[in-house]
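S.K.: Let me see the structure of the following:
(one chain, ligands or ions: 1)
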Amino acid sequence: MAAHAALAEAGADYELALVERNERDESPPEYLKINPWGRVPTLEDDDLVVTESAAIVLHVGDRFPESGLVPPVGTPERTLVYRRLIFLTNTLQTALMRWFYPDRYTIDPAGEDALRARAAEDIRGIYDQLEGDLEGREWIVGDSRTGADLYLFMLTRWGRFQEPAAWDRPNLRAHFLRSLELPGVRRMVEEQELDLPEFSS
Ligand SMILES: N[C@@H](CCC(=O)N[C@@H](CS)C(=O)NCC(=O)O)C(=O)O
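M.R.: The predicted structure follows:
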């Protein structure tokens, strides 16, 4: 979602390719050739292969400086975009992965519920913190949307199964709705045929 929205927001000329996994949840061999880890997404930009959603967002921002996805080199805002993106991907996203896939984090099935409960606690704390960070702000860094907002939009949606859902916090919900008005986010949502919550219609 974030990588796709970044391309659309930047006005890049892109082509989407669906990676279909088999019944054993394995990626096709032709995909493993470009991304041996088998995870999505992967961006192919001519001969350059970029994995990691956050790296793709940064790369697209650098390729399209006028998009404002990544502020200019040397500005504090650029550093703050790094800070937000890296926190979102290495802390919130991994906590969500622990909640979605506890079996990947333990070899003891009896421990999965406890692992998931711990993840849910961590996730709640992180959304609460982000809720506070958004107080009085439209975007997570500076005065305009950056790639970090696209990432936050994605992870707010990932948080829809939590108790409370991420977007049941007023500032996160306002940020989600604001992001949804961005043309590139709209385009990504349509192209991926994503379900949206009732409050957004
Ligand atoms: N850190 C990677 C994580 C990528 C990732 O885990 N992608 C998920 C889809 S959202 C995936 O490929 N899942 C299939 C799997 O884990 O085998 C990124 O942000 O790009």
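
S.K.: Give me the domain ranges for the protein.
M.R.: 2-67, 76-192 (automatic domain parsing).

S.K.: just so I know, which of those domains lies nearest the ligand?
M.R.: The ligand lies closest to domain 2-67 among the domains of the chain, at 3.4 Å (C-beta to the nearest ligand atom). Backbone N, C-alpha and C define where each C-beta goes, glycine included.

S.K.: Residues of this protein that sit close to the ligand?
M.R.: Within the chain, the positions adjacent to the ligand are R39, V40, E52, S53, T89 by C-beta under 6 Å from any ligand atom.

S.K.: Is the last one in a helix, a strand, or coil?
M.R.: Here T89 is helix, with the state taken from DSSP: H, G, I helix; E, B strand; the rest coil.

S.K.: got the contact list for it?
M.R.: Taking C-beta atoms under 8 Å, 6 or more residues apart in numbering as the contact definition, T89 lies against E52, S53, A54, Y151.

S.K.: now it: how far from E30?
M.R.: To E30, T89 is 26 Å away according to C-beta to C-beta, to the nearest Å.

S.K.: For the longest helix along the chain, buried residues please.
M.R.: Across the chain, the longest stretch assigned as helix under DSSP state H is helix 112-133. Across helix 112-133, burial judged by 16 or more other C-beta atoms under 10 Å covers L115, R116, R118, A119, A120, D122, I123, R124, I126, Y127, L130, E131.

S.K.: Please enumerate residues in contact with that helix?
M.R.: Applying C-beta under 8 Å, 6+ apart, the contact partners of helix 112-133 are 91-92, 95-96, 98-99, 102-103, 105-106, 140, 152, 159, 162-164, 166, 169-172.

S.K.: ok, the most centrally placed residue in the chain to D13 distance?
M.R.: Closest residue to the average C-alpha location of the chain: Y151 at 3.6 Å, with C-alpha atoms, centre = their mean. Per C-beta to C-beta, Y151 is found 22 Å from D13.
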